[in-house]
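> With the sequence up front, the predicted model follows.
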Amino acid sequence: GEDAASLAQWVRRRFGDNVDTRTEVAAFIWLGEPLLPAAYPETSSDLLALAAAIGHESKGVLEDAAVGEPDYLVAMLGATGRGGAALIGVKVPNPKCLKDHVRSAAEPLSKGFRRGHTPRPVLLSRFFGPLPVVRTSVQRADASWIHGRDRDPRTEHLLRATVVLVGCGSVGAPIALALAQAGVGRLILVDYDTLSWPNVGRHPLGATAVGRNKAEALAERLQADFPHLTIEHRDCDLHRLLHTEQDLMVAADLIVSATGSWAAESALNRWHVAQGRDRPIVYGWTEAHACAGHGVAIAEAGGCLQCHIGRTGTPSFKVVEWPEGGDANQEEPACGAHYQPYGPIELSYVTAMLSELALDCVLQPPAHSFTRVFVTSQGRIANLGGRLSESWLSAYGELAYGEGETGVRIVNRQWSRAECPACEGARAD
């Protein structure tokens, strides 16, 4: 953090609002070159001599930190080494805390003077004496270090980005996690639903979040895991979000929709076309058994989402076909709810592809709409009783799979403009 307020915010995000924070003055000294182990300060007087050798300003910084008589004066020594900037820490104990290793028997630095009135030269001579210092390792927790150890050129761009992710289920939640790990500076998670026990098996959240709103619980976890980012949530559906927070949606660098609801996504598509946004939206969904996954990046030029999806939400292009009468959906006992019988391992291929697509769109927004398609291995599709669709085979032929029976494939396809209600409505307006 750059100041006490930002440090306190980091602590609150990491540990919660009920944690008290206290800051103390420390010294930061930049060295001309890294120290060899033999040159590390061993006593507090060695540290003061090192600071004085660097310059009057460094010596003054160290002395100013000692005047407050902290129990331990923390000094950070930095230098540029072979691998970049490096830091080591030195803790200088207050002599009153170490005499005979018994605090109650220790003498204060102000001995012989009223507390707070010890002459500065006397106090400093007592503080920086022959007592040994404590060497300590330094763990950086800033964004540039966490996301690439100061060497990922994408970090600065991502930290400035705002992404709105709608749908925090088994597809959307892993995408949110991946974007946070990549370093997207501001994430707004949107979902009106609560986590239930059947969700736990293929969701990043576990049993502790059952019964809670998915967006809220996921945002809380990611904020604690990545305190340097800003993670927000909205407990609402997409229609309400479009109605109440249009400014947020318009300004977002990327919107990711993983709702699995055609009613919601068609509404988002119509809004996007009507707004004429020049920033992309990524839509993602899976086919049966997660044997294939689709991500569509809608850009300013090219087709909108509805150009290649029918009025009922059926895509014009499918990868896998199932025997006639073979329904991939299964029904839960008693309640009549339907679900897809696949687990997190199979789904991880799809969510990784969608996460990469979202990241690509943040870093380099596409000029034209396109779709990215994942297809699982030939062996898995055959074992489940499916087969590749004629449209997929006609497009890719012998290259329909990756290498051998166990290979997988990811391809990019054009998402061209076609006559559809959304585009026609925009032209009419």
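Great, that's in hand.

> what bits of the stretch 101-250 of the chain have low per-residue confidence?
Applying pLDDT under 70 to the stretch 101-250 of the chain flags residues 101-107.

> let's go with 90 and repeat that
Counting by pLDDT under 90, the stretch 101-250 of the chain has low-confidence residues at 101-118, 131, 137, 149-151, 198.

> For it, which segments count as strands?
Here the stretch 101-250 of the chain has its strands, by DSSP state E, counting those that start in this stretch, at 134-136, 162-166, 186-190, 230-234.

> Quick check: which of those is nearest to Asn199?
Closest to Asn199 of these, according to Cβ to Cβ: strand 186-190, at 15.2 Å. Bear in mind the C-beta positions are built from the backbone N, C-alpha and C, glycine included.

> okay, the angle between the closest one and strand 230-234?
Using axes from the mean of the first three to the mean of the last three Cα atoms, to 10 degrees, the inter-axis angle of strand 186-190 relative to strand 230-234 is 20 degrees.

> Ok, which of the strands of the stretch 101-250 of the chain comes nearest Glu265?
The closest of those to Glu265 is strand 162-166. By Cβ to Cβ, the value is 8.7 Å.

> Rebuild the strands of the stretch 101-250 of the chain as a markdown table, extending it with distance to Leu109.
Shown next, in a markdown table, are the strands of the stretch 101-250 of the chain (distance: least, Cβ to Cβ, whole Å):
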| stretch | distance to Leu109 |
| --- | --- |
| strand 134-136 | 18 |
| strand 162-166 | 50 |
| strand 186-190 | 47 |
| strand 230-234 | 43 |
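
> Out of the ones you listed, which is closest to Tyr396?
Comparing these against Tyr396 with Cβ to Cβ, the closest turns out to be strand 162-166 (30.6 Å).

> Return the list of strands paired to the closest one, each annotated with direction.
Applying DSSP bridges, strand 162-166 is found paired with strand 186-190 (parallel), strand 254-257 (parallel).

> residues making contact with the last one?
In this case it means strand 254-257. Where contact means Cβ atoms under 8 Å, 6 or more residues apart in numbering, the residues beyond strand 254-257 that reach it are 161-167, 172, 175, 238, 249, 264-265, 268, 272, 279-284, 354, 358, 361-362, 365.

> How far off centre is the helix or strand just after it?
Using DSSP states H and E, the helix or strand that follows strand 254-257 towards the C-terminus is helix 262-275. Helix 262-275 sits 26 Å away from the centroid of its parent chain (Cα atoms, centre = their mean, to the nearest Å).

> Which strands and helices lie in contact with the helix or strand that helix 262-275 is followed by?
Per DSSP H and E, the first helix or strand lying C-terminal to helix 262-275 is strand 281-286. If you count contacts as 3 or more Cβ pairs under 8 Å, 6 or more residues apart in numbering; DSSP states H and E, strand 281-286 packs onto strand 254-257, helix 262-275, strand 292-298, helix 344-363.

> Out of those, which gets nearest to Val138?
The closest of those to Val138 is helix 344-363. By Cβ to Cβ, the value is 29.9 Å.

> tell me which residues in the closest one are buried?
Buried residues in helix 344-363, counting neighbours by 16 or more other Cβ atoms under 10 Å, are found at 346-347, 349-362.

> and that helix with strand 162-166, angle?
Relative orientation of helix 344-363 and strand 162-166, computed by the same axes, to 10 degrees: 140 degrees.

> Now do helix 344-363: which elements does it pack against?
If you count contacts as 3+ Cβ pairs under 8 Å, 6+ apart, helix 344-363 packs onto helix 155-159, helix 172-182, strand 254-257, strand 281-286, strand 292-298, strand 370-375.

> Could you tell me how far it lies from the centre of the chain?
How far helix 344-363 lies from its chain's middle: 14 Å, per Cα atoms, centre = their mean.

> Check stretch 111-121 too.
Mean-position distance between stretch 111-121 and its chain equals 50 Å (Cα atoms, centre = their mean).

> Need the distance between the two termini of that stretch.
Using Cα to Cα, to the nearest Å, the end-to-end distance of stretch 111-121 comes out at 14 Å.

> same check, this time on stretch 393-409
13 Å.

> repeat for stretch 179-191
Start-to-end, stretch 179-191 (Cα to Cα) is 17 Å.

> Now do the buried residues in it.
By 16+ other Cβ under 10 Å, the buried positions in stretch 179-191 come out as 179-180, 182-191.

> what's the farthest-apart pair in those residues?
Gly183 and Asp191 (22.5 Å).

> any idea which residue sits dead centre in the chain?
Taking Cα atoms, centre = their mean, the centroid of the chain lies closest to Ala180, which sits 0.8 Å from it.

> Assess the claim that that one and Thr230 are in contact.
No: using Cβ atoms under 8 Å, Ala180 is not in contact with Thr230; the gap is 10.4 Å.

> Find residues that contact each of the two.
By Cβ under 8 Å, 6+ apart, Ala180 and Thr230 have these common neighbours: Leu187.

> ok so, going back, possible to save the strands paired with strand 162-166 as CSV with distance to Gly84?
As requested, these are arranged in CSV below (distance: least, Cβ to Cβ, whole Å):
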stretch, distance to Gly84
strand 186-190, 27
strand 254-257, 30
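
> Of those strands, which is nearest Ala79?
Closest among those, using Cβ to Cβ: strand 186-190, at 33.6 Å.

> I would like the residues contacting the closest one, please.
Strand 186-190 has contacts (Cβ under 8 Å, 6+ apart) with 161-168, 176, 179-180, 215, 218-219, 222, 229-234, 236, 238, 241, 248, 252.

> Buried ones among the residues you listed?
Buried among the contacts of strand 186-190 (16+ other Cβ under 10 Å): 161-168, 176, 179-180, 215, 218-219, 222, 229-234, 236, 238, 241, 252.

> Now do the SS call for the residue nearest to Cys420 when sequence neighbours are not counted.
Excluding the flanking residues, the one nearest Cys420 by Cβ to Cβ, 6 or more residues apart in numbering is Gln306, at 4.4 Å. Following DSSP: H, G, I helix; E, B strand; the rest coil, the label given to Gln306 is helix.

> Where do the domain boundaries of the protein fall?
Listed by automatic domain parsing, the domain ranges of the chain are 4-139, 149-428.

> How far does the longest one sit from its chain's centre?
Averaged C-alpha coordinates place domain 149-428 at 17 Å from its chain's average position (Cα atoms, centre = their mean).

> contacting residues for the closest residue to Ala209 other than its chain neighbours?
Spatial nearest neighbour of Ala209, excluding adjacent residues (Cβ to Cβ, 6+ apart): Ala217 at 4.0 Å. Applying Cβ under 8 Å, 6+ apart to Ala217 gives the contacts 195, 205, 209.
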